[in-house]
Every structure is written in structure tokens, then in C-alpha cells.
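*Asks:* only geometry, no sequence info:
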């Protein structure tokens, strides 16, 4: 396997890690105002991801940085092309980050309520926008011979890509509810378990429609068929386990749904990364968009050395905070 | 306004804003780690109260630093796609390594630190703070390795119209980073020291009587820590200046308003230039001092702005190669002036450490003085970045060639206005929160359960 393919896989792994981990963070943020009725309940919900969301967000930053290092043309083309969409995403991510930190810094209920809605929007918008971004990756962009996309924002907001955005929101919300079922206690836990199934009922048809639409509108299923089938099976299994109240397995299968769906997109794209709808020859591929072999080699060594270390201490974090979070005021950390 | 100007303005605003918070993270994380280690090894409860108190300010600051950092990583591709294409082979690597080595470390361990007080032993929890401090400061190292290539390209070859890395070791041991990183690290230490002194001084002047011991002790830590940083930042800065005369002579020439080549070169105490900034109209100069500062001997030629401009035109073709003289001259003068003042004020804090409450006038000055390091840091970056004009990568790519060709000016207008507004709102909220906690009482020992 050449280094370009290896880096394509590594980027796919980083995005998978990002979607699985930030996926439940986004989901928890989206569910926050609806699941938590009282202040302590909302604090308990936030505390389930409190120790980990910041570290999880780094998966996105690392995916972006690794993209810059290994396929700089993809980074340049996509980030400049999707300019206004990314501005929206940045605004949402900024609000989200400070909202988690500032929310409980004052007792004032109005203050806290405002930040809770900021958390909701700050998690909903990136989930939706990443879906829209992936939708456009699947369809392709009007990229010219100089690797530039001049189309602006409106063509990115096509029905297919917006639908992918909705699927992202639905899957992440379900994933977040599953996570909360494992991490909360008492009344909140029961509420999360119930809502997880309700979201699954909405997520299933949304996702099935997307698969059919993907078949009709893109060529992704050509190479991505097997992971697509696996994603569908995992999603169905999630619902079955939810029905049987086996929430650990439901969480696992929900996570696998995200893993296989991401694998479907990347497998379908390979060896292209950004498809040009103007001329297939103008697509950005793992070869014409890549860094030099020397840089890829250096980055491979660095990644092989440090990714296992990162995984080790992130897993340790989940181990430290494995105890369920209760909404009893005296046990909450603000 | 055209897209280039808007994009530059946005980069300036977002970068300066980001760096208002970064030095506090760099310096205060280390100080908190030291204080918590003292708590873990001595069991002295005051140290835990100090970590908790200053830790609150740290977290407010940290959150803003992190979220504004995301913008930094994205906007190279968003606004400067031609730069990203030209430089990606070199610049992307340290950025990705920064995320992998540093962002994961600081972001994962800060979560453990906030929520882990009851889950970990004292020593383990202190070690977690060290991980945050190491992560933050390694992050600074890698972004400065990336920036150093822009200041002083090394270990590369131009192939297929782009800069390609040929020597990773040369990239990460860039001589520029050997000055720039310690300079920034020390700047972080000063910033944290002065922040602690500022709030402590306020409490000693106006706070409750039963808090005075706590804040006198905090002030002493801030003064000692700040003095170490202030001395280090000045010493390193001196050698950095010498390095720059050799490798970015134009930057230092404009920073010194040194218009024409001289040997020995005089040092400007005060220079006022003409409107076009091409020659001086009034100047007070100390003979031979610039040569002495540069070569540590009273002679030696130093090239002036006009001669350098002529040389650049010969090498790179016609064009304007002179960065804004007045801006850089005053940024440099003010930065260095504040730097010396900080040494003095931190030194007085150490000198008067045992009878601080009698030094009312000094304490009154130390409250606003908390902003001095931040101002100096901002001026330092203005010098580092605008002093490289017209280059985005010194000698290799000009700023005007680096911009995204496919992002229209109105798009940048939208992002510039929306980011600036949001940053403004967050600044107001963040400063208010910081003042609220900084002027509040430290938690008593029994509440902390020590």
C-alpha cells in the first residue's frame, strides 16, 4: 500500500473518530433543553460529556490538520470553497465552547437558560453543517482545472446535502441519547432511554431514504456498498436492542452505524477526495492533491508513534468517569 | 475595500484576539501546576485554595483561547488557499503534529482536571495539571515552528511550484524558533505573574481583611514568577533582535527607523519620519549604540531601509519591500519599554514582598499593570508579522499572492463583521466573569474539603 492510500485511510479514521465521539457530544447538546427540565438535571446532562467533549473536539482539529499536512490541496479547495458555511460552523463552535464553560458560572436562571439554548444551537448547527459538507463531498463540487470552486454557498445547500445534514442530526441525537442512557441515573436515565427509541424511529426512515437517494444521485455506492449495507444492518440492530432495553449494545451498534456510514463515504470516494462535477479529470485525488512522499513519510512516523498514546489516555478518561452522573445537587460538579 | 485588505484585517483581528488569551494559558497553567504540586507534597491547604481560585480565572481564559484557536486552524484554508497550496507540504505537518501532540493532551487532561478532584489522588491530580501545562506549551512550540518557517525558511526545496519539505529536523530546529519559543514561553510567564499580581493587589487594597494573607501570598508568587519571566523575555528578546538583524534585516531596520546604512550605526531614541516614511525629519540618536546592541562591539555596519529596498529590488524585481515603518518602530519601542518597566515592577514586588500592604501607591499601580504584558505581547506579534511585509513566507511568497482567489470580498466582509461582533460579545462576557471571580473571595478550606 502506498503512503497516499495509507493517509487516505488515516484521514478516514480521524473523521470516523470525530463523528463517533463528537457525534454523541453533539447529540447530548441537542437533547439538553428537552431532556433536562430543572437546572440540576441540565447540569447532570452536561456533566456526562463535561470531562470529554473538549478532547473529543480535537478529533476534528486533528482531522483538519492532518488533511492540511497530507492533502493540502483538498484543505485549500474545500475550506475556501465552503467559506460561508464554515464561517457559520465556526461561529457555532465558538458559542458552543464558551457556553459549556460559562453556563454555570452564575446562579441567575435567565443566564443559565440562555446558555442552554446556546449549547443547543452550538451543537445542532455543526452536526447539520458537517452533514451538508459530507453530502457535497458525495455529490461533488464544480471544481475547475485550477482546483478552485467558485460556486459560493447556494449550490452547497442542495436538497441532497441538506438531507445528509438531517441524517447526521438524527443519528447524532440518537447516539447522544444512547450515551446518556449509559451515563445518567434515575429519572433522567429512563427519559434518555425512552427518547433514544423515539429518535431511532425517526432516524431509520431518514437514513433509508438517504441510501436510496445516494444510489440515484451519486456513485458512492459503487465501492461503498458493503459498508452501506453494514450501516443499515447496524442501525436496524440498534433499534432491536433499544426495544429489548439492552442499552450498552444499542450504544455500540449506534456507534457502528456512524463508523460504517463514514466508511461508506470514504470507500465510495477512493481514490478521489473531492469530486469535480465539471470534469472527472479535475477531481482532487490522493495523488494530485497530496504532499510530497517525504512529508507523508515523516507524518506517518509521527502518527504511528502518537495516535496509540492519544487513544490510551482518552480511554483512561472514560474509565475515570465511568460512574453514572446523578442529578442530586450535592453530587454535581459545577 | 478589496478582498486582500479584508482578509488581512480579519487575520490580524482574530490572531491578536486569540493571543490575548494564549499567554495566560501558557504561563498560568505552569504556575497552577507548581502550586498544586506544592499542595500535593506539603498538604498545605492554602495552596489548594490558591489553585482553586486562580484556576477559575484560568478556565474562563482557557475556554476563549480554545474556541478562538479553531478559527486560526480553519482560516489558512478559508482565506489563504494559495498559501495553503504553496506551503501545505511544510506548514501542514507542524499544524497536524500540534493537534496530535498538544491539543489532545491539553484538552483531554483539562477535562480530567476540572472533574477529577474527587476521583484522583492529590499527586495524580497535580500530575494532570502538568499534562495540561505541557500540552499548552508544546502547542506553542509547534505553531512557532510553523511560524518560524514563514520568518526564516529552512529545510525545503521549490518543486512543482510549491515549497516542499526536504529536512524535517531542520524545520523543527529552525534557529528562529530557538529564540521565538523561549520568548513566547517567557512572555506567558510574565503575563500570568502580572495577572496574579493585579488581582491580588486589588484585594490587598480593597478586599476583605481576612483574605489579606491569602492574597499577599499569591502576590509574592506572582512577583517572583513574573520577575523570572520578565528577565527571561528581555534576555531572549535581545538575542532574537541580533538574529533578526542578520536574517530579516528589513524588519529590524524599520523597527529601529534606521533609514540609511551606517558604520557604526546609531540608535534612535526618538525618530519622527516624513509622511511617506522614507526618511527622518527629526531624530535623537545615540551614536554607535545600534552597532553595539547588534554585535556587542562599538562598530559594525548595519544596513538601512533604503539600501535594503534597493537590494530587494535587485533580487526579487521591482516593488515595495518596506514594511510600515512608524507602526513597527512604535510597536518595537513600546514593547521594549513595557518590558523594562515590567522587570522593574516585578522586582519591586519581590523586594517589598514582606510589607506589601504599606506600599499603597505601588499596589494601586499594579492593578492596571496587569494589562502590560498583554499589550507588550500584542505589539510583539505586530512587529513579527507586519515587519515581514510584503512577504507571507520570507523571500518565497508575497501576501498578495497567498489569498484565496475564489472567496469574494463580501464573503470576507460577512466573516469579518460576524467574527468581530461575536469576539466582542465574548470579550465583554469573559472579562465580566473574570472580574467577578477575581474580585470574589477564595473558597474557605472547609468548603474545598481539604
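*Replies:* Sure, I can see it. Keep in mind that this is a model prediction, so the values were computed, not measured. Numbers count the residues shown, from 1 in each chain, chains lettered A, B, ... in the order given.
*Asks:* from now on I want contacts and neighbour counts done on CA atoms only, so please keep to that.
*Replies:* OK.
*Asks:* residue A:132 contacts residue A:164, correct?
*Replies:* Yes. Using C-alpha atoms under 8 Å, residue A:132 makes contact with residue A:164 at a distance of 5.9 Å.
*Asks:* what do the two both touch?
*Replies:* Counting by C-alpha atoms under 8 Å, 6 or more residues apart in numbering or on different chains, residue A:132 and residue A:164 have no shared contacts at all.
*Asks:* okay, strands next: where are they in the stretch 351-450 of chain B?
*Replies:* Here the stretch 351-450 of chain B has its strands, by DSSP state E, counting those that start in this stretch, at B:391-393, B:397-398.
*Asks:* within its sheet, name the partner strands of the longest one and how each one runs.
*Replies:* Right, the one you point to is strand B:391-393. Next to strand B:391-393 in the sheet, as set by DSSP bridges, lie strand B:397-398 (antiparallel).
*Asks:* tell me the contacts of residue A:242?
*Replies:* Contacts of residue A:242 by C-alpha under 8 Å, 6+ apart are A:193, A:196-197, A:250.
*Asks:* can you tell me how far the residue in the stretch 101-250 of chain B positioned nearest to chain A sits from residue A:271?
*Replies:* Here the stretch 101-250 of chain B gets closest to chain A at one residue, residue B:111, 3.9 Å apart by C-alpha to the nearest C-alpha. For residue B:111, the distance to residue A:271 (C-alpha to C-alpha, to the nearest Å) stands at 38 Å.
*Asks:* run through who's touching stretch A:7-15.
*Replies:* In contact with stretch A:7-15 (C-alpha under 8 Å, 6+ apart) are residues A:59-60, A:62-63, A:66-67, A:70, A:262-263, A:266, A:286, A:296, A:300.
*Asks:* quick one, which of the strands of the stretch 351-450 of chain B is packed in tightest?
*Replies:* strand B:391-393 (a mean of 21; mean count of other C-alpha atoms under 10 Å in any protein chain shown).
*Asks:* residues contacting it, please?
*Replies:* Outside strand B:391-393, the residues that touch it by C-alpha under 8 Å, 6+ apart are B:149-153, B:397-399, B:402.
*Asks:* can you pick out the most distant pair from the residues you listed?
*Replies:* B:152 and B:402 (17.2 Å; C-alpha to C-alpha).
*Asks:* who has more neighbours, these two?
*Replies:* Between residue B:152 and residue B:402, counted using other C-alpha atoms under 10 Å in any protein chain shown, the more crowded position is residue B:402 (22 against 18).
*Asks:* so that one is in contact with residue B:87, correct?
*Replies:* No. Shown here, residue B:402 and residue B:87 do not form a contact pair, counting by C-alpha under 8 Å, at 9.7 Å.
*Asks:* now the closest residue to residue A:124 other than its chain neighbours, what's its secondary structure?
*Replies:* Closest residue to residue A:124 apart from its sequence neighbours, by C-alpha to C-alpha, 6 or more residues apart in numbering or on different chains: residue A:30 at 5.7 Å. Secondary structure for residue A:30, judged by DSSP: H, G, I helix; E, B strand; the rest coil, is helix.
*Asks:* for residue B:252, see how far away residue A:30 is.
*Replies:* 52 Å.
*Asks:* what does residue A:46 give?
*Replies:* Between residue A:46 and residue B:252 the distance is 50 Å, computed by C-alpha to C-alpha.
*Asks:* then residue B:158?
*Replies:* Distance, residue B:158 to residue B:252, using C-alpha to C-alpha: 27 Å.
*Asks:* who's more crowded, those two?
*Replies:* residue B:252 (28 against 12).
*Asks:* what's the first helix or strand after the host helix or strand of residue A:205?
*Replies:* Using DSSP states H and E, residue A:205 sits within helix A:186-217. Using DSSP H and E, the helix or strand that directly follows helix A:186-217 along the chain is helix A:220-243.
*Asks:* doesn't residue B:272 lie inside a strand?
*Replies:* Yes. Membership of residue B:272 in a strand is supported by three-state DSSP.
*Asks:* I figured it hits residue B:282, correct?
*Replies:* Yes. In this structure, residue B:272 is within contact of residue B:282 by C-alpha under 8 Å, at 5.2 Å.
*Asks:* which of those two has more residues huddled nearby?
*Replies:* residue B:272 (16 against 11).
*Asks:* contacting residues around that one?
*Replies:* Contacts of residue B:272 by C-alpha under 8 Å, 6+ apart are B:280-283.
*Asks:* redo that, cut-off 10 Å
*Replies:* By C-alpha atoms under 10 Å, 6 or more residues apart in numbering or on different chains, the contact set of residue B:272 is B:257, B:279-284, B:326, B:329.
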